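Trainee: Give me a model of this one.
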Amino acid sequence: MATSPAFAIDVLNHQRDLGRLPATYSLPAQMQATWYSVGRRAHVARRDQGFAVVFDGGEIAVGATYPTMEWVLRQRLFSLDDAAARQPSVDRAELQRDIERLERAGILVATEMQQ
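Mentor: Presented below is the predicted three-dimensional model:
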């Protein structure tokens, strides 16, 4: 079990959480958030190679972002900022790539926030 890639990802996430950098703020440069909702049923599964988002059309491998992907798939509406706040130790670009991959597969749908 200690040699499995999935275990290595769990250890990496734990280590990243221990040494996270302080948050940076750029309030004047805040951009309009993109909101997402779940468009198709899916779930995160542990595989020998790591973790994957499993849906009726196949699987999408995810790495260290798997805890956030589990959270995302249970939400009615969320933004990238919401997802990044769930797991601040993970690289935001990696998280955004995984969300975009789920969007291309139709699992997530970009939507507008009603005000």
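Trainee: Now whatever helix or strand Ala8 lives in: buried residues?
Mentor: In this assignment (DSSP states H and E), Ala8 forms part of helix 5-18. Going by neighbour count (16 or more other CB atoms under 10 Å), the buried part of helix 5-18 is Ile9, Asp10, Asn13. To be clear about C-beta, it is placed using only N, CA and C from the backbone, and glycine gets the same treatment.
Trainee: Pick the one among these closest to Gln87.
Mentor: Nearest to Gln87 among those, counting by CB to CB, is Asn13 at 7.6 Å.
Trainee: where along this structure do the helices fall?
Mentor: For the chain, helices defined by DSSP state H occupy the ranges 5-18, 66-72, 80-86, 92-104.
Trainee: Share the number of residues neighbouring Leu102, please.
Mentor: For Leu102, the neighbour count with other CB atoms under 10 Å is 24.
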